[in-house]
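Colleague: coordinates for the following, if possible.
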Amino acid sequence: MADEHLIHYSGRAPFSPGIAQRAQGSWVFTEDGRELLDFTSGQMSAILGHSHPDIVATVRAQIGHLDHLYSGMLSRPVLDLARRLADSLPAPLEKAMFLSTGAEANEAALRMAKLVTGKHEVVSFARSWHGMTQAAANATYSTGRVGYGPAAPGNFALPVPDRFRPAIVDAEGNLDWRHQLDLGFDLIDAQSVGSLAACLVEPILSSGGVVDLPPGYLAALRDKCVERGMLLIVDEAQTGLCRTGDWYAFERDGVVPDILTLSKTLGAGLPLSAVLTSAEIEARAHERGFLFFTTHGNDPLPAAITVLDVLERDRLDLRARELGDRLRSGLDELALRHKVIGDVRGRGLLIGVELVSLDPVEPGAADRLGAAVTRRCGELGLHMNIVQLPGMGGTFRIAPPLTASDAEIDHGLAVLDTALADVTA
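Modeller: The predicted structure is shown next:
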């Protein structure tokens with residue numbers, strides 16, 4: 001049925017087997033009666049689980065009386081959400097605009113940065129994912145660049161500070177990220193025409209293999225931006241709003257970006273994104289006629305206010321730390337039993353598990369291993385997502401809802417244990 005009328009949009013990956021009928025909490029139920037524990041929170045978004053009763057009640061109440069407006073009109077939910085987000089963030093991030101998707105938010109942030117700085121060049125990580133629209137896609141390097149013609153000029157890739165697969169090491173064989181960062185900007189400076197506008201980064205590269213920036217890296221990167229008159233844009237699509245155990249992942253490093261983008265977790269599965277910046281940057285952009293007019297800009301559906309209410313009421317930042325510790329401990333135990341687990345990394349409830357081949361001579365063995373374990377997990381009732389980058393095998397992105405129970409975390413670990421044993425046997 002899917003092949004008959006639907007366009008395939010996931011590269012060469014097939015659609016997931018089965019037809020989803022409904023979802024509740026941490027579970028997805030298919031038409032053929034199967035139950036899947038969702039270890040990806042939908043598309044890494046449903047931080048409160050599926051069909052959270054508070055979200056359902058809010059949407060039902062609102063949709064009947066205010067659903068969509070002309071983009072220049074304002075509504076009370078939009079004003080209240082802007083205030084609530086500003087209150088949750090460190091100064092000077094106090095100005096907000098609301099859009100639909102992460103790609104849109106990054107598009108708007110880059111457009112604002114270019115207008116404010118009067119420059120056009122953009123730096124992002126060599127395994128980044130920021131979206132599939134024009135500027136966001138030009139700043140995306142993990143995939144999707146082949147076959148679509150030339151990218152816009154002035155986009156530069158920065159080496160990824162991957163501690164498991166370090167490109168530059170110190171005398172002890174550990175990642176020398178300071179040297180790598182210096183070298184990366186030496187190469188960017190050599191190619192730049194003197195028009196560096198922005199650096200757009202994720203604090204944890206998710207599609208890039210769940211690579212957590214080393215402590216101190218984000219502050220050093222900010223200094224590189226300041227030296228060049230660039231704006232630092234932090235994309236917290238997957239890390240924002242308690243996912244990592246902090247309200248925002250950048251807080252760990254004591255760094256405040258010039259522009260922050262939020263998406264996936266902001267709507268807890270509903271399409272909503274935001275761009276946040278300082279009053280100074282917003283004023284400069286406004287003076288220069290900043291234009292980013294979209295059909296659903298600042299739409300009045302207030303689900304995100306309820307998301308913030310639930311996060312605060314249930315202290316889900318602390319819960320993400322507790323569940324993250326439980327998940328991490330269980331994965332570390334699996335790594336002792338399954339030699340194909342090369343690394344476990346991440347923060348809070350965004351954890352990466354990198355699989356490696358035990359036969360380094362066989363080309364593509366790790367890729368096939370990752371695909372097989374993913375399939376077996378699905379057969380056993382666990383939905384997992386594997387990131388497969390060229391020459392890197394596969395990394396599971398594990399991101400259960402923040403509302404998951406201890407028993408659900410343990411169940412997922414048990415299923416993964418069985419799947420690894422079955423495939424490697």
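
Colleague: drop to CA atoms for contacts and neighbour counts, all remaining ones
Modeller: Will do.

Colleague: I'd like the distance from the helix or strand of the chain with the lowest mean pLDDT to the chain centre, please.
Modeller: Within the chain, judged by mean pLDDT, DSSP states H and E, the helix or strand with the poorest mean is helix 2-5; its value is a mean of 82. On the basis of CA atoms, centre = their mean, to the nearest Å, helix 2-5 sits 29 Å off its chain's mean C-alpha point.

Colleague: cool, stretch 228-235 as well?
Modeller: With CA atoms, centre = their mean as the basis, stretch 228-235 stands 18 Å off its chain's centre.

Colleague: distance of Leu69 from Asp299?
Modeller: According to CA to CA, to the nearest Å, Leu69 stands 6 Å off from Asp299.

Colleague: so the two - more neighbours on which side?
Modeller: Remark: of Leu69 and Asp299, Asp299 carries more neighbours, 23 against 15, as counted by other CA atoms under 10 Å.

Colleague: hang on, that one packs against Leu66?
Modeller: No. Between Asp299 and Leu66 no contact is recorded; they are 9.2 Å apart, counting by CA atoms under 8 Å.

Colleague: can you map out the helices along the stretch 51-200 of the chain?
Modeller: Along the stretch 51-200 of the chain, counting by DSSP state H, counting those that start in this stretch, helices occupy 53-63, 76-88, 102-117, 134-138, 177-191.

Colleague: then the stretch 251-400 of the chain?
Modeller: Ranges of helices in the stretch 251-400 of the chain, per DSSP H, counting those that start in this stretch, are 279-287, 303-313, 316-337, 365-379.

Colleague: using TSV, lay out the ones you listed together with distance to Ala139, mean neighbour count and mean pLDDT.
Modeller: Output for the helices of the stretch 251-400 of the chain, formatted as TSV (distance: least, CA to CA, whole Å; neighbours: other CA atoms under 10 Å; pLDDT from 0 to 100):
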stretch	distance to Ala139	mean neighbour count	mean pLDDT
helix 279-287	21	16	98
helix 303-313	27	18	97
helix 316-337	30	19	98
helix 365-379	25	20	91
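
Colleague: looking at these, which is closest to His411?
Modeller: helix 316-337 (10.6 Å; CA to CA).

Colleague: just the residues contacting the closest one, thanks.
Modeller: Helix 316-337 has contacts (CA atoms under 8 Å, 6 or more residues apart in numbering) with 241-247, 310-311, 341-344, 347-351, 353, 402-403, 406, 409-410, 413, 417.

Colleague: which ones among these lie within strands?
Modeller: Under the assignment DSSP state E, the contacts of helix 316-337 contribute Ile341, Gly342, Asp343, Val344, Arg347, Leu350, Ile351, Val353 to strands.

Colleague: now for the last one: which residues touch it?
Modeller: Val353 makes contact with Leu331, Ile341, Gly342, Asp343, Val344, Arg345, Thr395, Phe396, Arg397, Ile398 under the criterion CA under 8 Å, 6+ apart.

Colleague: any idea what it is bridged to?
Modeller: Val344, Phe396 (DSSP bridges).

Colleague: do you know the pLDDT at it?
Modeller: Val353 carries a pLDDT value of 96.

Colleague: separation between it and Asp406?
Modeller: The gap separating Val353 from Asp406 is 19 Å, by CA to CA.

Colleague: repeat that for Ile19.
Modeller: Taken as CA to CA, the span from Ile19 to Asp406 is 28 Å.

Colleague: ok, Leu327 next?
Modeller: Distance, Leu327 to Asp406, by CA to CA: 9 Å.

Colleague: now do Thr244
Modeller: Thr244 sits at a distance of 17 Å from Asp406 (criterion: CA to CA).

Colleague: ok, Gly11 next?
Modeller: Separation of Gly11 from Asp406 (CA to CA): 35 Å.

Colleague: more neighbours: which of the two?
Modeller: Legend: neighbour count by other CA under 10 Å for Gly11 and Asp406, higher for Asp406 (12 against 8).

Colleague: ok, now which ones touch that one?
Modeller: Residues near Asp406 by CA under 8 Å, 6+ apart: Leu323, Arg326.

Colleague: most widely separated two among the contacts of Val353?
Modeller: Maximum pairwise distance in the contacts of Val353, criterion CA to CA, is 15.4 Å, between Gly342 and Ile398.

Colleague: neighbour count: these two, which is higher?
Modeller: Ile398 (24 against 16).

Colleague: hang on, the earlier thing: quick one, which of the helices of the stretch 51-200 of the chain is packed in tightest?
Modeller: Counting by mean count of other CA atoms under 10 Å, helix 102-117 has the highest mean neighbour count of these, with a mean of 24.

Colleague: average pLDDT for that one?
Modeller: In the prediction, helix 102-117 has an average pLDDT of 98.

Colleague: wait, Arg347 touches Asp246, no?
Modeller: No. Checked against CA under 8 Å, the pair Arg347 and Asp246 is beyond contact range at 9.4 Å.
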